[in-house]
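Student: I would like the atomic coordinates for the input below:
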Amino acid sequence: MKKLISLVFMLLMSAPSWAGCSFDGGYSPAVTTITMSDWIRFGKDIPNGAELWSSGWRSSPGPAITCDTTGVVSGILPAGVGEPVPGYTNSSGFPSLFKTNIPGLGISIYWCNNTSCNPDYNNVTPLPSLAWNVQPTHYPLSSSFWIRLVKYDNITITEGALQVPGEALVKYQNLTVAKLNIVSNLTLEPITCTLNSSNITVALPSIWKRDLSAASPIVTDSNKGKEFSLDLMCDWGVRVKYKIDGPSNLVLPGALTNSEGPDMARGVGIQLLQGDLATGLPLSLGEILEGPIASFESAVKIPLAARYYRDVPAEEVVPGRISIAATFTLYYQ
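Tutor: Next up is the predicted model:
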């Protein structure tokens, strides 16, 4: 007796293992290496938010990929990058600055997937906020990264060199399409600038009441004024700015009002000039003014001059002492 045995073969069809996105033939992730190699010198008065270093867009050949499902693009910061710095966002409100191992120094990383990248970083989505939609289609990608280093607080050089270990990654769904390696050879150097003396006394020659003539409210005779300087010691290359505040008189620019008291002169004050008595211009009190740039010798002088003025008719001037205190504020970067 013959038995008929029927064999039933079942063919199970499974979805391709690369469901999502995959590289087209011959392509692999774009790899970019940015070397931060520079000597960054900064002053204590450089404002928070100031850019200390920027790579600009650095491009690498991008891969071609094909996606068969919808999803999103995502970006991952290197493991050595810390938490977001509060208060720093791009124009869309995404956190844009992140802490590094140097207190007070933050890093921003951006990625661009086309050949024409926006030159305004403020309008570029920061790497960890990437969430662009991915469609089932073919993507011929470009790959560009941009790194910025920004001061967000007082920078403390106590942690050694700037280090950014790990890779930055960009993924289309499950597929890593771009990698960024950061090599840091940066030297950060704080720069200083100090006054040789924190108290400066400027003694003008005594004058007669008749020197305050009716012809001019200012005593222009250089023998009756005083030239002086604010002397500093600064690291080379430091750009100096300064401000002088004091009891101002609105009658003349740069005019300081005399103190009051029983033996004090009235109707007379001191006008400050930038430069010398012959060619100096009236100094703007309360405004930050440009000073010199320190040379290799490190000695910096800010030349100033002082002269008398009157702010009442000549016959109403009351002789006496003149004593005025002004405050000098130094800015440098």
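Student: so where's the chain shaky on pLDDT?
Tutor: 1-19, 44, 158-160, 296-297, 333 (pLDDT under 70).
Student: per-domain residue ranges of it.
Tutor: Taking automatic domain parsing as the criterion, the chain consists of the domains 21-190, 192-332.
Student: What count of nearby residues applies to the nearest residue to Tyr172 once chain neighbours are set aside?
Tutor: Closest residue to Tyr172 apart from its sequence neighbours, by Cβ to Cβ, 6 or more residues apart in numbering: Cys21 at 4.6 Å. Placement of C-beta: from N, CA and C, glycine included. Neighbour count for Cys21, taken as other Cβ atoms under 10 Å: 22.
Student: Would you enumerate the residues in contact with Cys21?
Tutor: Ile65, Thr66, Cys67, Asp68, Gly71, Val134, Tyr139, Tyr172, Gln173, Asn174, Leu175, Val177 (Cβ atoms under 8 Å, 6 or more residues apart in numbering).
Student: 10 Å instead?
Tutor: Contacts here follow Cβ atoms under 10 Å, 6 or more residues apart in numbering; on that basis Cys21 touches 65-69, 71, 73, 134, 136, 139, 171-177.
Student: Buried ones only from those residues, please, as a PyMOL command.
Tutor: Buried residues within these, by 16 or more other Cβ atoms under 10 Å, are selected in PyMOL with:
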select buried, resi 65+67+71+73+134+139+171+172+173+175+176+177
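Student: Show me the contacts of Cys21 that map onto strands.
Tutor: Ile65, Thr66, Cys67, Gly71, Val73, Val134, Tyr139, Lys171, Tyr172, Leu175, Thr176, Val177 (DSSP state E).
Student: Check the offset of the longest strand belonging to the chain from the chain's centre.
Tutor: If you go by DSSP E, the chain has its longest strand at strand 299-310. Between the centre of strand 299-310 and the centre of its chain there are 31 Å (Cα atoms, centre = their mean, to the nearest Å).
Student: What residues sit buried inside it?
Tutor: Residues Val300, Ile302, Leu304, Ala305, Ala306, Arg307, Tyr308, Tyr309, Arg310 are the ones in strand 299-310 that count as buried (16+ other Cβ under 10 Å).
Student: Moving C-terminal from it, which element do we reach first?
Tutor: strand 327-332 (DSSP states H and E).
Student: Note down every partner strand of that next one and its orientation.
Tutor: When pairs are called by DSSP bridges, strand 327-332 turns out to pair with strand 239-245 (antiparallel).
Student: Taking strand 299-310 as reference, get the angle to the strand it pairs with.
Tutor: 30 degrees (axes from the mean of the first three to the mean of the last three Cα atoms, to 10 degrees).
Student: Please save the CA atoms from strand 239-245 in PDB.
Tutor: Extracted in PDB, the C-alpha atoms of strand 239-245 (Å, rounded to 0.1, in the frame of the first residue of the first chain):
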ATOM      1  CA  ARG A 239      43.100  96.800  24.500                       C
ATOM      2  CA  VAL A 240      42.400  99.400  27.200                       C
ATOM      3  CA  LYS A 241      39.200 101.300  27.800                       C
ATOM      4  CA  TYR A 242      38.400 103.600  30.700                       C
ATOM      5  CA  LYS A 243      35.700 105.700  32.300                       C
ATOM      6  CA  ILE A 244      35.900 108.700  34.600                       C
ATOM      7  CA  ASP A 245      33.000 109.600  36.800                       C
END
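Student: List the contacts of the very next helix or strand once past it.
Tutor: Using DSSP H and E, the helix or strand that follows strand 239-245 towards the C-terminus is strand 255-257. Residues outside strand 255-257 that contact it (Cβ under 10 Å, 6+ apart): 217-218, 244-251, 268-272, 282-283, 285, 306, 309, 311, 322, 324-326.
Student: Can you tell me which residue is spatially central in this protein?
Tutor: Against the mean C-alpha coordinate of the chain, by Cα atoms, centre = their mean, the closest residue is Ala50 at 1.0 Å.
Student: can you pull out the strands in the stretch 101-250 of the chain?
Tutor: Taking DSSP state E, counting those that start in this stretch as the test, the strands found in the stretch 101-250 of the chain are 105-112, 133-134, 138-140, 143-151, 167-172, 175-184, 187-191, 193-195, 226-234, 239-245.
Student: Provide the strand pairings for the fifth one, with the direction of each partner.
Tutor: Partner strands and pairing direction for strand 167-172 (DSSP bridges) are strand 71-76 (antiparallel), strand 175-184 (antiparallel).
Student: To Ala30, which of those strands lies closest?
Tutor: strand 175-184 (4.6 Å; Cβ to Cβ).
Student: The closest one to strand 143-151, inter-axis angle?
Tutor: Going by the same axes, to 10 degrees, strand 175-184 makes 40 degrees with strand 143-151.
Student: Quick one: end-to-end length of stretch 51-63, please.
Tutor: End-to-end distance for stretch 51-63: 32 Å, by Cα to Cα, to the nearest Å.
Student: number of nearby residues for the residue lying closest to Ile157 once chain neighbours are set aside?
Tutor: Among residues not flanking Ile157 along the chain, Leu188 sits closest, at 5.7 Å (Cβ to Cβ, 6+ apart). For Leu188, the count of nearby residues is 18 (other Cβ under 10 Å).
Student: Noted, bye for now.
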